[in-house]
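J.: Fold the following for me, if possible:
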Amino acid sequence: MEYRVLGRTGLRVSVLGVGTWQLSGPVEVGGLPDGFPDPGRASVVRLIQECHDLGINVVDTAEGYGDGEGERRVADAIRGRRDAWVVVTKLGLRRGPNGARIRDASPSMIAASLEGSLRRLGTDYVDVYLYHTPPGREQMLAGLEVLQRLREHGKIRFHGISTNDLSTLRALTQHQAIEVIMFSQSLLTHPEETLELVRRHDLGSLVRGAFERGLLTGKYFQVPPRFSGEDIRSHALKTRDFARYRVCEQLLPAGGDMVCLALRYLLDFDTTHTIVLGAKSVSDYRRALRALTLPRLGEDVQARIRQVRSQLMAADRKERLMGSGRLRRMGRLVAAGLRSVIASRWRV
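T.: Residues are numbered from 1 along each chain as shown. Model prediction:
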């Protein structure tokens, strides 16, 4: 395992971390199930412990994962070895009555949310506490005061945010209100300004989305996935042509596969401290570790990656525009049909 320093926090973190969204039991997003089968608490606890045996020391969860079940499973996994882990959890996104999704990161909610997380995690502190949804602009400084007070009481060590929203990130860094950020980056997603803010403010970085919801694993290049109609991924990815991304195979380094390429690419950035993965088996984590055995990608490969990314982004934009055009045409047809019906009824 390779370890890096998490920005100015000074925490020594493994370059791969365990993400627990998919390991936390049923979760609904926008009224739809996330589609991941529940592996069960015993299997999850064993997986996290086996990851620790591989040298992984970062585990990421949230109060909203499985309505708190994710934190409970993490608690079972790290019991007796708490000091060996860097525990990351989040606030501001949780389930309310009847499964409603509540977004509330207001200052008045922070302490109560943290107490709930500490209770479920079976610990008296968390290493990194992140906003899971952006705080209101007018609430940032008040929220910072609450977080600093909790830090003084020893209940959190460092705090930050999980976001891809640049305007929020700019505002928080302007007020020096965060020390860690979790954000999306991959072969297909290059958040240049976010990376610059990480460097400029010496932020700790937790990278997510390395495989773009499975687009970059290579698993679906030949045969596309089949999701049930109630699976949120069937909506989020229904317009994607998975075979299109097979072009990435042209970039494979000697001895590597798509998983290795996607991870090696991210590991070569000085802004990458930990890549949080959502794998569901220890074999997946062992496969990911192979990326550490590969040499850094050469400039010729980096240039080719930029070219391929540009091509794929252009194709995605075209696809979205065509989809929007189809929707507009459908809307015009529906409107014309309604006008016809109204006119016929008026004549009668």
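J.: can you list the weak-confidence ranges in this structure?
T.: Within the chain, the set of residues satisfying pLDDT under 70 comprises 27-36, 97-99, 225, 227-240, 320, 322-348.
J.: Give the closest residue to the most centrally placed residue in it in space, chain neighbours not counted.
T.: Note on the chain: the residue nearest the mean C-alpha position is residue 208, at 4.1 Å, using CA atoms, centre = their mean. Excluding its sequence neighbours, the residue lying closest to residue 208 (CB to CB, 6 or more residues apart in numbering) is residue 276, at 5.1 Å. Just so you know, the C-beta spots here come from the backbone N, C-alpha and C atoms, and that holds for glycine as well.
J.: hang on, that neighbour is in a helix, isn't it?
T.: No - according to DSSP: H, G, I helix; E, B strand; the rest coil, residue 276 belongs to no helix; its state is strand.
J.: shouldn't it be in contact with residue 58?
T.: Yes - with contacts counted by CB atoms under 8 Å, residue 276 reaches residue 58, the gap being 7.2 Å.
J.: overlap in contacts of these two?
T.: Shared contacts of residue 276 and residue 58, defined by CB atoms under 8 Å, 6 or more residues apart in numbering, comprise 17, 18, 206.
J.: ok, of these, which come out buried?
T.: Taking 16 or more other CB atoms under 10 Å as the criterion, what is buried in the shared contacts of residue 276 and residue 58 is 17, 18, 206.
J.: Can you redo the residues you listed as JSON lines, where the extra columns are distance to residue 109 and secondary structure?
T.: Output for these, formatted as JSON lines (distance: CB to CB, whole Å; DSSP: H, G, I helix; E, B strand; the rest coil):
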{"residue": "17", "distance to residue 109": "26", "secondary structure": "strand"}
{"residue": "18", "distance to residue 109": "26", "secondary structure": "strand"}
{"residue": "206", "distance to residue 109": "22", "secondary structure": "strand"}
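J.: Now do the same contact list for residue 263.
T.: Residue 263 makes contact with 16, 210, 275, 288, 291 under the criterion CB under 8 Å, 6+ apart.
J.: what's the helix or strand for it?
T.: Counting by DSSP states H and E, the element that carries residue 263 is helix 258-267.
J.: now residue 305
T.: In this structure, residue 305 sits in helix 299-347 according to DSSP H and E.
J.: Neighbour count for residue 276 and residue 58, which is higher?
T.: A direct count of neighbours by other CB atoms under 10 Å for residue 276 and residue 58 places residue 58 higher, at 26 against 21.
J.: Quick one: residues contacting residue 109.
T.: Per CB under 8 Å, 6+ apart, neighbours of residue 109: 91, 92.
J.: immediately after the host helix or strand of it, which helix or strand?
T.: Per DSSP H and E, residue 109 falls inside helix 107-121. Toward the C-terminus, helix 107-121 is succeeded by strand 126-131 as the next helix or strand (DSSP H and E).
J.: Now find how far off-centre that next one is within its chain.
T.: Counting by CA atoms, centre = their mean, to the nearest Å, strand 126-131 is centred 15 Å from the centre of its parent chain.
J.: With stretch 62-74 instead?
T.: Centroid separation for stretch 62-74 versus its chain: 15 Å, with CA atoms, centre = their mean.
J.: then that stretch to CSV, C-alphas only?
T.: The C-alpha trace of stretch 62-74 is given here as CSV (Å, rounded to 0.1, in the frame of the first residue of the first chain):
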residue,chain,number,x,y,z
ALA,A,62,-22.5,9.2,6.0
GLU,A,63,-25.5,9.6,8.2
GLY,A,64,-27.7,9.2,5.1
TYR,A,65,-26.2,5.9,4.0
GLY,A,66,-28.8,3.2,4.7
ASP,A,67,-30.5,5.6,7.1
GLY,A,68,-27.5,5.3,9.4
GLU,A,69,-26.9,1.6,8.8
GLY,A,70,-23.6,2.4,7.0
GLU,A,71,-22.2,4.0,10.1
ARG,A,72,-23.4,1.1,12.3
ARG,A,73,-21.6,-1.4,10.0
VAL,A,74,-18.4,0.6,10.0
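J.: Show me the contact partners of that stretch.
T.: Outside stretch 62-74, the residues within contact range by CB under 8 Å, 6+ apart are 20-21, 23-27, 41, 44-45, 48, 59, 61, 87, 89-91, 93-95, 101, 113, 116-117, 120-121, 132.
J.: Can you give the domain ranges for the protein?
T.: Annotated domains of the chain cover 3-297, 301-348 [automatic domain parsing].
J.: which one of the ones you listed is the most hemmed in?
T.: Counting by mean count of other CB atoms under 10 Å, domain 3-297 has the highest mean neighbour count of those, with a mean of 18.
J.: now that one, how far from the centre of its chain.
T.: 5 Å.
J.: Quick one: end-to-end distance for that domain.
T.: One end of domain 3-297 to the other measures 19 Å (CA to CA, to the nearest Å).
J.: what does stretch 166-186 give?
T.: One end of stretch 166-186 sits 17 Å from the other (CA to CA).
J.: For residue 115, give its distance to residue 156.
T.: Counting by CB to CB, to the nearest Å, the gap from residue 115 to residue 156 is 11 Å.
J.: picking up where we left off before, dump the buried ones among the shared contacts of residue 276 and residue 58 to TSV, plus distance to residue 296.
T.: Compiled in TSV, these are given as follows (distance: CB to CB, whole Å):
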residue	distance to residue 296
17	21
18	25
206	21
